[in-house]
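Visitor: just to be clear, the model below is a prediction. Sequence and coordinates:
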Amino acid sequence: MARLFEFGKKAVNRSFVLLASSAILREIAGVLREDLQWHEAEIVAHLKLVARIAEIVSPKIGLQVISEDPTDDRILECAVAGRADLIVSGGK
């Protein structure tokens, strides 16, 4: 959790460009709602913060690369659309 907090501070301070897409924002909302049981007002507030900090991209292509977790394909689509140099992930 400390690493996530540090990552968030760097994004807020514009140490790098954080990319997001509407699919990623929907996935974040789903995790906060279903897995963490956050209240809707908290979810909306945090999504607004991410949307303010991030560069929102609209992927034009759909990928099917990660068979173990197809939702991770949305991350790759966002990275391609935003011409990312690096993907930071806690996934395996």
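Guide: All right, it came through fine.

Visitor: how many residues are close by Ile24?
Guide: 20 (other CB atoms under 10 Å). Just so you know, the C-beta spots here come from the backbone N, C-alpha and C atoms, and that holds for glycine as well.

Visitor: flag every buried residue along stretch 64-73.
Guide: For stretch 64-73, the neighbour count (16 or more other CB atoms under 10 Å) marks 72-73 as buried.

Visitor: ugh, wrong one, I meant stretch 75-83
Guide: Buried, per 16+ other CB under 10 Å, within stretch 75-83: 75-79, 81-82.

Visitor: would you tell me what the next helix or strand after the helix or strand bottoming out on mean pLDDT in the chain is?
Guide: Lowest by mean pLDDT, DSSP states H and E among the helices and strands of the chain is helix 2-12, with a mean of 67. The first helix or strand that comes after helix 2-12 along the chain, using DSSP states H and E, is strand 19-20.

Visitor: what residues does that following strand touch?
Guide: Here strand 19-20 makes contact (CB atoms under 8 Å, 6 or more residues apart in numbering) with 50-51, 54-57, 78-79, 81-82, 84.

Visitor: shaky segments in the protein?
Guide: Scanning the chain with the threshold set as pLDDT under 70 gives 1-5, 7, 91-92.

Visitor: where do the helices sit along this protein?
Guide: 2-12, 22-30, 40-53, 72-81 (DSSP state H).

Visitor: out of the ones you listed, deepest packed?
Guide: helix 72-81 (a mean of 19; mean count of other CB atoms under 10 Å).

Visitor: give me the residues contacting that helix.
Guide: With contacts defined as CB under 8 Å, 6+ apart, helix 72-81 is touched by 19-21, 23-24, 27, 57-66, 84, 87, 89, 91.

Visitor: one more: stretch 23-40?
Guide: 42-43, 46-47, 50-51, 56, 59, 71, 74-75, 77-78.

Visitor: now with 6 Å, please.
Guide: Stretch 23-40 is contacted from outside by 43, 47, 71, 74, 78, using CB atoms under 6 Å, 6 or more residues apart in numbering.

Visitor: now do that stretch: distance to the chain's middle.
Guide: Relative to its chain's centre, stretch 23-40 lies at 11 Å (CA atoms, centre = their mean, to the nearest Å).

Visitor: same thing with stretch 58-68?
Guide: 14 Å.
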